[in-house]
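Peer 1: next come a sequence and a model predicted from it.
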Amino acid sequence: MENNKKMRTWLDDFQLPHPLVIAGPCSAETENQVLQIARELQDSKVSIFRAGIWKPRTRPGGFEGVGEIGLKWLQKAKAETGLLMAVEVATAAHVKLALEHDIDVLWIGARTTVNPFAVQEIADALQNTDKIVLVKNPVNPDLALWIGGVERLYNAGIKKLGVIHRGFSTYEKTKYRNNPEWQIAIDFQSKYPDIPLIIDPSHITGKRDMIFQVTQQALDFNYDGMIIETHCDPDNAWSDAAQQVTPERLKQIIFDLVIRKEDD
Ligand code: PEP
Ligand code: MN
């Protein structure tokens, strides 16, 4: 993977690499799990470590995240590895805690982007922050709702804004967990070329064997980065076990990706 594309977003102003690589577990599970994964990602192309602390599970009764204690583990992982830390926030209370623990990147999940009240509450809590804020597409294939979420954050004075394409729910079973509907993300990209577009092949595919192919497809469409769920023991992960890859496999995927030159 080489850095050979013309730069065009705020990622360049803050010297973040292109393509941006975000990796880490679906969920923070234990302090050791967080530290072990972060250590294995330290000397790689990964610049941002992701881990869910509050998990929006579709059905109740499953693992819903470790909560605030996980923020302390991320602080430790950051101090040790220098990786930037990213968590999902769904409420103003999450935002407050994430900011208090100096989390660098906050992302809004697909189940939150569908709700303008929730996005507005988050935007108000983030008012003028210089943190990086990433907005996942809503679960339903609605470009305007995705744009609306980004606008609420932009209007709150947030400048380091990016979007994550994680695919869309369908009732019919397809080979994807969430159908990519590439055209929606491409339309977003053509309307807002200055906003970094990041692929989430983990939630699109739901299967670790398909991660490479979907990420390559996104890079062929000139995406600016990727967020890939990574776990040292994927089969025993507490959430999204089938789609997580090991740090070793992630490094191989990154090595094998072909980056298109701007003028190809
Ligand atoms: C996640 O990133 O682990 C997650 C819950 O994703 P999404 O909001 O895309 O379902
Ligand atoms: Mn997940």
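Peer 2: Received it, and whenever you're ready, just let me know what you need. Computed from a predicted model, the values in this text were never measured in an experiment. Ligands and ions are numbered 1, 2, ... in the order given.

Peer 1: which residue ranges of this protein form helices?
Peer 2: Assigned by DSSP state H, the helices in the chain fall at 10-13, 31-42, 69-81, 92-100, 110-113, 116-126, 143-155, 182-191, 201-205, 211-220, 247-256.

Peer 1: quick one: closest of those helices to ligand 2.
Peer 2: Among these, the nearest to ligand 2 by C-beta to the ion is helix 201-205 (6.0 Å). C-betas here are computed from N, CA, C, even on glycine.

Peer 1: hmm, that closest one in reach of ligand 2?
Peer 2: No. Helix 201-205 is not in contact with ligand 2 by C-beta under 5 Å from the ion; minimum separation 6.0 Å.

Peer 1: what pLDDT does residue 6 get?
Peer 2: For residue 6, the pLDDT comes out at 49.

Peer 1: as CSV, the helices of the chain with distance to residue 49 and mean pLDDT would be great.
Peer 2: What follows is these, written out as CSV (distance: least, C-beta to C-beta, whole Å; pLDDT from 0 to 100):
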stretch, distance to residue 49, mean pLDDT
helix 10-13, 17, 91
helix 31-42, 5, 98
helix 69-81, 6, 98
helix 92-100, 14, 98
helix 110-113, 20, 98
helix 116-126, 20, 98
helix 143-155, 22, 98
helix 182-191, 24, 98
helix 201-205, 15, 99
helix 211-220, 18, 98
helix 247-256, 11, 98
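
Peer 1: out of those, indicate the one that is most buried.
Peer 2: Mean neighbour count (mean count of other C-beta atoms under 10 Å) peaks for helix 201-205 among these, with a mean of 26.

Peer 1: what residues does the chain have near ligand 2?
Peer 2: Within the chain, the positions lying close to ligand 2 (C-beta under 5 Å from the ion) are 26, 240.

Peer 1: show me what residue of the chain gets nearest to ligand 1.
Peer 2: The nearest approach of the chain to ligand 1 comes at residue 109, 3.1 Å away (C-beta to the nearest ligand atom).

Peer 1: how close does the nearest residue to that residue once chain neighbours are set aside get to residue 177?
Peer 2: Once flanking residues are discounted, residue 109 sits nearest to residue 88: 4.9 Å by C-beta to C-beta, 6 or more residues apart in numbering. Between residue 88 and residue 177 the computed distance is 17 Å (C-beta to C-beta, to the nearest Å).

Peer 1: okay, those two: which has more neighbours?
Peer 2: residue 88 (24 against 20; other C-beta atoms under 10 Å).

Peer 1: just give me the residue closest to the centre of the chain.
Peer 2: When C-alpha atoms, centre = their mean is applied to the chain, the residue found nearest the centroid is residue 227 (4.6 Å).

Peer 1: pLDDT value on the spatially closest residue to that one that is not a sequence neighbour, please?
Peer 2: Excluding the flanking residues, the one nearest residue 227 by C-beta to C-beta, 6+ apart is residue 22, at 4.1 Å. We have a pLDDT of 98 for residue 22.
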